[in-house]
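In: no sequence on hand, only this structure:
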């Protein structure tokens, strides 16, 4: 059927897709969290095998393998749809996809064994595959997360490929291939092979770029956040606070230095694991009381710092008191009857150069609040009674 050069030409796309599948599989083995790479690898592998078979076998011979070839293609289409769905965090509607696949295979069986018709087989397969591919695309309408330019590129590439899948029988008819027996040896089939390989390369490039972007974001996230509490660390807080300081719309601001009372006693009494749970609970309560432009960070040990934007000192004090109430009502970590409290120091920021001064003042006010008995909020500019609660050496830093 083919000369040596023709044979190499028609089999190259299938081999290239297998190579791409292997590369995607290796990438997934390196970064297991990016499962869309695995599903894309499966899609390429499943499509490459029947694609090669179609290229090498006459159309009449393929009648005997119509269900097998169709099954491979449909499963490959679902794996490709699954890779998109994994990335976009939507459903592939598996029950609907299964129904479409069964109906398509039934049509392939009918038009290959009962009423043989190559046109009907091609049309049934293209329509069934297109329906499976379009399911996750339709689901993106309900996706609340905004896509960046890479995900938008993937979406539009998916739409174009799905449209191509739907319209393939029309393209064959428009190009004048009324006798499909000549199709596997035609220039259109070679163009089809090249177009499928081209789409595969484009999907691989886009998916690889997304995988690299996700890896970089993950590394940056790990660098910027405290591993235990998942809130900002000191260095990241300083970086983001500097960006806030140049935005005049966010003034006035307030810095809250806060510290868990008697944290050393918690560790000594119930163990460090319980202490870690306390830190996680406190972090969650702090985040629940913040707004969009506010920042919270763990500065070390049991000490946290909050930057509140667009707020007065009085309102900042109310937020601190609300956090204290939250600790009392949501204390599910310590045994019943055990108190979980925090002390606060609050300092204002009205100029971009005041961050370091505000941090120091808030820390001094926090120290005073602890010496005054803990579970207190001390605000800049307010005179408090000169109270000193005697502490043991082990409690002095708690």
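Out: Nice, I can see it. A quick note: this is a predicted structure, and the numbers were derived from the prediction, not measured.
In: surely residue 199 and residue 162 touch.
Out: No: judged on Cβ atoms under 8 Å, residue 199 makes no contact with residue 162 at a distance of 10.5 Å. C-beta here means a position set from N, CA and C on the backbone, and glycine is covered the same way.
In: between these two, which is the more surrounded one?
Out: Just comparing residue 199 and residue 162: by other Cβ atoms under 10 Å the higher neighbour count belongs to residue 162, 23 against 17.
In: how far does stretch 245-265 stretch from start to finish?
Out: 37 Å (Cα to Cα, to the nearest Å).
In: centre of the chain to it, how far?
Out: 29 Å (Cα atoms, centre = their mean, to the nearest Å).
In: go through it and flag the buried ones.
Out: Neighbour counts over stretch 245-265 (16 or more other Cβ atoms under 10 Å) mark 245, 250-251, 253-264 as buried.
In: likewise stretch 137-154?
Out: 137, 139, 140, 150, 151, 153, 154.
In: contacts for that stretch next, please.
Out: Contacts with stretch 137-154, where a contact means Cβ atoms under 8 Å, 6 or more residues apart in numbering, come from 84-85, 87-93, 155, 158-159, 162, 203, 206-207, 209-210, 213.
In: so which of those residues sit within helices?
Out: 84-85, 87-88, 155, 158-159, 162, 203, 206-207, 209-210, 213 (DSSP state H).
In: CSV for the residues you listed, including distance to residue 34?
Out: Formatted as CSV, the ones in helices among the contacts of stretch 137-154 follow (distance: Cβ to Cβ, whole Å):
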residue, distance to residue 34
84, 13
85, 14
87, 9
88, 13
155, 18
158, 17
159, 22
162, 23
203, 14
206, 13
207, 9
209, 12
210, 8
213, 10
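In: can you pick out the most distant pair from the residues you listed?
Out: The distance between the two most remote of these (Cβ to Cβ) is 23.7 Å, for 162 and 213.
In: just the buried subset of the ones in helices among the contacts of stretch 137-154, please.
Out: Buried by 16+ other Cβ under 10 Å: 84, 85, 87, 88, 155, 158, 162, 203, 206, 207, 210, out of the ones in helices among the contacts of stretch 137-154.
In: would you reformat those as TSV and include pLDDT and distance to residue 337?
Out: Converted to TSV, those look like this (pLDDT from 0 to 100; distance: Cβ to Cβ, whole Å):
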residue	pLDDT	distance to residue 337
84	96	53
85	94	49
87	93	49
88	93	48
155	94	55
158	96	58
162	96	62
203	95	60
206	95	57
207	94	55
210	94	51
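In: let me know the closest of the residues you listed to residue 15.
Out: Nearest to residue 15 among these, counting by Cβ to Cβ, is residue 203 at 17.3 Å.
In: check contacts around that closest one.
Out: 40, 80, 154, 157, 161 are the contacts of residue 203 under Cβ under 8 Å, 6+ apart.
In: chain neighbours aside, what residue packs nearest to the last one?
Out: Right, residue 161. residue 199 (5.2 Å; Cβ to Cβ, 6 or more residues apart in numbering).
In: check which helix or strand the one you found maps to.
Out: Residue 199 belongs to helix 187-224 when assigned by DSSP states H and E.
In: just the buried positions in that helix, please.
Out: For helix 187-224, by 16+ other Cβ under 10 Å, it's 189-190, 192-193, 196-197, 199-200, 203-204, 206-207, 210-211, 214, 224.
In: ok so, going back, dump the contacts of residue 203 into TSV; add distance to residue 46 as well.
Out: TSV is the format used below for the contacts of residue 203 (distance: Cβ to Cβ, whole Å):
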residue	distance to residue 46
40	11
80	9
154	20
157	19
161	16
